[in-house]
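Enquirer: next input, structure requested:
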Amino acid sequence: MSVPGLLVAAPRSSSGKTTVTLALLRALRRRGIAVRGAKCGPDYIDPAFHEAATGFPSFNLDSFAMAEPMLDAVAGLAGTDAALVVAEGSMGLFDGIVAGAGRTGANADIAARYGWPVLLVLDVSGAAQSAAAVALGCMHYDPRIRIAGVVLNKVASPRHRRLVEAGLAKIGLPVFGALMRDAGLTLPERHLGLVQARETNDLDVRLDRLADLAEAGLDLDAILAAAAGVTPSPRAGALPNPPGQRIAVASDAAFSFLYPHMAAGWRAQGAELVPFSPLADEAPPAGCDAAWLPGGYPELHAGYLAAATTFLAGLRAFAMDRPVHGECGGYMVLGESLEDAEGVTHPMANLLPVATSYRVRKLHLGYRVATLVADGPLGRAGTRLVGHEFHYASERTPAPDADGALASVTDAENVPLGLAGHRLGRVTGSFFHLIG
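Expert: Okay, here's the model as predicted:
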């Protein structure tokens, strides 16, 4: 059965896409609708909020990082047992990289591929009728997509709303509702975006309040009627391969950035994921044949991790005869030391020759196309992988040479970035998060 969808997008970042998406997801779930979330582009935090709002995993859809078979397979996962998929965009509707048609990583690629109409969120603070000109540009910029209607965000007053709606009436674009300006709607943030769902106090209360606002301010019936398009059937064979058949996965507030499609792909191929908590001083469980340390926020817990002797000793013992891989935060913990924002240096697992620091923040952001230098848990030498890097840490140790690097890396436009990551014995790691 084909599942329709909607894409919640905006002309630019910080327009209120997450607020509107969460409000819709929670309100539709209240109605008993089998709604599922999805996120366009690389993002760990928003999908966790989607899952909290719906009770089901939310999957990332990335037209650049995922080959078409994988993209369709992940879209199929998003639509499993669903009556509707609500996908949240990232950045602006058309923002992406310079690449081939349909492969830019922009939200619009996803809407076009699956025929999902766009629900355009307009932050109208500081504008009135001029907001319609922005919406008109979005309507005509890309003929592949259709703007179904708009939701107005940060409306100052009833008069302000009337002025905005007058402009939108001139271009014939429906208004599906409005949210008034309210600082209380803002979710707490930190340096990589929102504070994680699992760390947000009173999350259910916040989500229910958003649902109340959606029921009061949005035309949910019109939004439901606007949904259209298709969602492919799931295809497990196009999903990522597991690094082992019983995988110890670090999972707690310091290690939470594991893409749902990765876990789903591993399980679909018969692998078992066995969680353990480094923050609770747990070692990788016995009987596992690989260990995976995802990214997260180890820099906020560096003291606890340095004192987690059972975890560190168990990880070192595990690495003696089984593969261990770390992504971003996990990579830092596999290294020699981690310097926190206050300048305190904490010893880490010392399994890779890398020391990292958060004392001087520097943004590293973008897609990474990696070619593996040697055989390892991610694949054989020469395997091409696509991922994403988003962190503020810096390496304080020399760059790896060919004998110790994980991969040769370029950016999304094929600009060489040199060797990246490290490998030593059975241990590998890098700052980039694997997507496809």
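Enquirer: so, low pLDDT: which residues of this structure?
Expert: Within the chain, the segments meeting pLDDT under 70 span 1, 183-201, 236.
Enquirer: got the domain ranges for it?
Expert: In terms of domains, the chain is parsed into 5-226, 239-434 (source: automatic domain parsing).
Enquirer: tabulate those domains (TSV), appending mean neighbour count and distance to residue 232.
Expert: For glycine as for every other residue, the C-beta is placed from the backbone atoms N, C-alpha and C. Converted to TSV, the domains of the chain look like this (neighbours: other Cβ atoms under 10 Å; distance: least, Cβ to Cβ, whole Å):
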stretch	mean neighbour count	distance to residue 232
domain 5-226	20	4
domain 239-434	19	13
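Enquirer: put together a markdown table for these, with distance to residue 233 on each row.
Expert: Converted to a markdown table, these look like this (distance: least, Cβ to Cβ, whole Å):
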| stretch | distance to residue 233 |
| --- | --- |
| domain 5-226 | 5 |
| domain 239-434 | 13 |
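Enquirer: quick one, strands of the stretch 1-150 of the chain?
Expert: Taking DSSP state E, counting those that start in this stretch as the criterion, the stretch 1-150 of the chain carries its strands at 5-9, 35-40, 59-61, 84-88, 118-123, 147-155.
Enquirer: what are the ranges of the helices in this structure?
Expert: 17-30, 45-54, 68-78, 107-114, 130-141, 158-171, 203-217, 220-226, 260-268, 302-306, 309-319, 329-334 (DSSP state H).
Enquirer: between the fourth one and helix 130-141, how big is the angle?
Expert: Counting by axes from the mean of the first three to the mean of the last three Cα atoms, to 10 degrees, helix 107-114 lies at 50 degrees to helix 130-141.
Enquirer: what's in contact with helix 107-114?
Expert: With Cβ atoms under 8 Å, 6 or more residues apart in numbering as the test, helix 107-114 has contacts from 5, 7, 9, 40-41, 61, 63, 71, 75, 87, 89-96, 102-103, 116-118, 142, 144-145, 229-232.
Enquirer: got JSON lines for the strands of the stretch 1-150 of the chain, with distance to residue 427 too?
Expert: Putting the strands of the stretch 1-150 of the chain into JSON lines (distance: least, Cβ to Cβ, whole Å) gives the following:
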{"stretch": "strand 5-9", "distance to residue 427": "40"}
{"stretch": "strand 35-40", "distance to residue 427": "30"}
{"stretch": "strand 59-61", "distance to residue 427": "27"}
{"stretch": "strand 84-88", "distance to residue 427": "35"}
{"stretch": "strand 118-123", "distance to residue 427": "44"}
{"stretch": "strand 147-155", "distance to residue 427": "46"}
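Enquirer: closest to residue 16 out of the ones you listed?
Expert: Closest to residue 16 of the strands of the stretch 1-150 of the chain, according to Cβ to Cβ: strand 147-155, at 3.7 Å.
Enquirer: and the angle from that closest one to helix 158-171?
Expert: Using the same axes, to 10 degrees: strand 147-155 against helix 158-171 is 160 degrees.
Enquirer: use 16 as the first number from now on
Expert: Got it, the first residue is 16 from now on, which makes the last one we talked about strand 162-170.
Enquirer: direction included, what does strand 162-170 pair against?
Expert: Sheet pairing here is set by DSSP bridges, and for strand 162-170 it gives strand 133-138 (parallel), strand 190-195 (parallel).
Enquirer: what comes into contact with that strand?
Expert: Strand 162-170 is contacted from outside by 21, 30-31, 34-35, 132-140, 146, 150, 153-154, 176, 179-180, 183, 188-196, 233, 237-238, 241, using Cβ under 8 Å, 6+ apart.
Enquirer: residues in contact with residue 56?
Expert: Neighbour list for residue 56: 75, 76, 77, 104, 105, 106, 120, 122 [criterion: Cβ under 8 Å, 6+ apart].
Enquirer: out of those residues, which is nearest to residue 294?
Expert: Using Cβ to Cβ, residue 75 comes nearest to residue 294 of the contacts of residue 56, at 25.1 Å.
Enquirer: nearest spatial neighbour of that closest one, chain-adjacent residues omitted?
Expert: residue 54 (5.1 Å; Cβ to Cβ, 6 or more residues apart in numbering).
Enquirer: list the contacts for the one you found?
Expert: Residues in contact with residue 54 (Cβ under 8 Å, 6+ apart) are 61, 62, 65, 73, 74, 75, 76, 102, 103, 105.
Enquirer: and of these, the nearest to residue 401?
Expert: Lowest distance from residue 401 to the contacts of residue 54 (Cβ to Cβ) belongs to residue 75, with 12.4 Å.
Enquirer: the closest one contacts residue 89, doesn't it?
Expert: Yes: the criterion here is Cβ atoms under 8 Å, and residue 75 meets it with residue 89 at 7.1 Å.
Enquirer: hey, what's in contact with both of these two?
Expert: Here residue 75 and residue 89 share the contacting residues residue 276, scored by Cβ under 8 Å, 6+ apart.
Enquirer: could you find the closest non-adjacent residue to residue 40?
Expert: With Cβ to Cβ, 6+ apart as the criterion, residue 40 has its nearest non-adjacent residue at 4.0 Å, and that residue is residue 68.
Enquirer: my read: that neighbour touches residue 41, true?
Expert: Yes: here residue 68 reaches residue 41: they are 4.5 Å apart, a contact under Cβ under 8 Å.
Enquirer: who touches both of these two?
Expert: Applying Cβ under 8 Å, 6+ apart, one finds that residue 68 and residue 41 are jointly contacted by residue 222.
Enquirer: quick revisit: now the contacts of residue 56 as CSV including distance to residue 338?
Expert: Shown next, in CSV, are the contacts of residue 56 (distance: Cβ to Cβ, whole Å):
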residue, distance to residue 338
75, 25
76, 29
77, 26
104, 36
105, 32
106, 35
120, 30
122, 36
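Enquirer: closest to residue 339 out of those residues?
Expert: Closest approach between the contacts of residue 56 and residue 339, by Cβ to Cβ: residue 75, at 24.4 Å.
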